[in-house]
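Participant: missing the sequence, but the structure's below:
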Ligand code: IPE
Ligand code: IPE
Ligand code: MG
């Protein structure tokens, strides 16, 4: 089956609204070939383009890509600098494609830590694409889930201290609105490449009920076909949200009702 057939089949069943990808394995991909690690990051940006295009074709509402973690600042300075250069290059090169495909570019993380030469094209594209509504592509940059929760807690504490917020008004909905992903749906599916099976500080609040799919493929080799395989795996899962399998089956057996959403 070619990828068009695979994509058409995926579209006949429910797809995740929000997919998060931990793009891992660039360094190993390069090392296996005797290349400098940065070559893995470079080819990895081709995977970013292909995977984004495929998600857009499928009509996925939100795609969040973990590109650089708060902890990644601890890598050797040359690698960090090369990653920042590639990020700038990506933002400049992908601008036209993002805008012409009605993609809204968003970013989460401690963005003030990014160098100005990355922050500037990032903010420019964010502003230019702000009214697009085709798919929200969020780059997690200098991002950490624990850092995000600390920032959320601090803002809630400040509002409570100044009398703007009653402690009793703190709810899940309020936390949703105070984390960096405010406005995005909950994450339904997390994909991690390269065979590692951990979250590495990725969207700790947003993934509370996400399905986790791990792929052994290294990120530079992960393209549209591999994304489709992970989406297919998602579609075979039964999401129970605390209920029993029988309860979930009963809901599916009910005749379709019109809903407002
Ligand atoms: C993912 O690939 C990219 C970033 C974390 C920035 P890695 O660079 O972590 O690749 P491995 O895990 O060392 O192979
Ligand atoms: C997670 O990958 C961060 C990104 C993919 C950006 P890492 O390669 O940094 O994760 P660990 O350190 O192996 O957990
Ligand atoms: Mg890694």
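Facilitator: Happy to help now that I have it. All figures in this text were calculated on a predicted structure; none of them were measured in a lab. Ligands and ions are numbered 1, 2, ... in the order given.
Participant: enumerate every residue touching the closest residue to ligand 2 within the stretch 51-200 of the chain.
Facilitator: In the stretch 51-200 of the chain, the residue that lies nearest ligand 2 is residue 200 (3.6 Å; C-beta to the nearest ligand atom). For every residue, glycine as well, the C-beta is placed using N, CA and C. Shown in contact with residue 200 (C-beta atoms under 8 Å, 6 or more residues apart in numbering): 22, 24, 66, 69, 71.
Participant: distance check, it against ligand 1.
Facilitator: 8 Å (C-beta to the nearest ligand atom, to the nearest Å).
Participant: what's the answer for residue 196, then?
Facilitator: 7 Å.
Participant: now the helices: where do they sit in the stretch 151-261 of the chain?
Facilitator: Applying DSSP state H, counting those that start in this stretch to the stretch 151-261 of the chain gives helices spanning 172-178, 224-235, 245-253.
Participant: can you check the stretch 1-150 of the chain too?
Facilitator: Going by DSSP H, counting those that start in this stretch, the stretch 1-150 of the chain shows helices at 3-11, 26-32, 37-58, 77-93, 95-100, 116-128, 145-161.
Participant: now the fourth one, how far from the chain's geometric center?
Facilitator: Taking the mean of its C-alpha atoms, helix 77-93 sits 19 Å from the chain's own mean (C-alpha atoms, centre = their mean, to the nearest Å).
Participant: cool, and stretch 27-44?
Facilitator: 22 Å.
Participant: same check, this time on stretch 174-194
Facilitator: For stretch 174-194, the distance to the chain centre is 8 Å (C-alpha atoms, centre = their mean).
Participant: isn't residue 125 right up against residue 106?
Facilitator: No: applying C-beta atoms under 8 Å, one finds residue 125 not in contact with residue 106, separated by 9.8 Å.
Participant: got a pLDDT number for the residue located most distally from the centre of the chain?
Facilitator: Within the chain, residue 163 marks the point farthest from the mean C-alpha position, 34.7 Å out by C-alpha atoms, centre = their mean. On pLDDT, residue 163 comes in at 98.
Participant: contact residues of the stretch 101-250 of the chain facing ligand 1?
Facilitator: By C-beta under 6 Å from any ligand atom, the residues of the stretch 101-250 of the chain that approach ligand 1 are 194, 219.
Participant: can you say which of the helices of the stretch 151-261 of the chain is packed in most?
Facilitator: helix 224-235 (a mean of 20; mean count of other C-beta atoms under 10 Å).
Participant: and that helix, what does it pack against?
Facilitator: helix 3-11, helix 37-58, strand 189-192, strand 211-214 (3 or more C-beta pairs under 8 Å, 6 or more residues apart in numbering; DSSP states H and E).
Participant: tell me the mean pLDDT over the third one?
Facilitator: This predicted structure assigns strand 189-192 an average pLDDT of 99.
Participant: mind giving me the packing neighbours of that strand?
Facilitator: Under the contact definition 3+ C-beta pairs under 8 Å, 6+ apart, strand 189-192 sits against strand 18-22, strand 211-214, helix 224-235.
Participant: ok, now with 10 Å
Facilitator: strand 18-22, strand 62-69, strand 211-214, helix 224-235 (3 or more C-beta pairs under 10 Å, 6 or more residues apart in numbering; DSSP states H and E).
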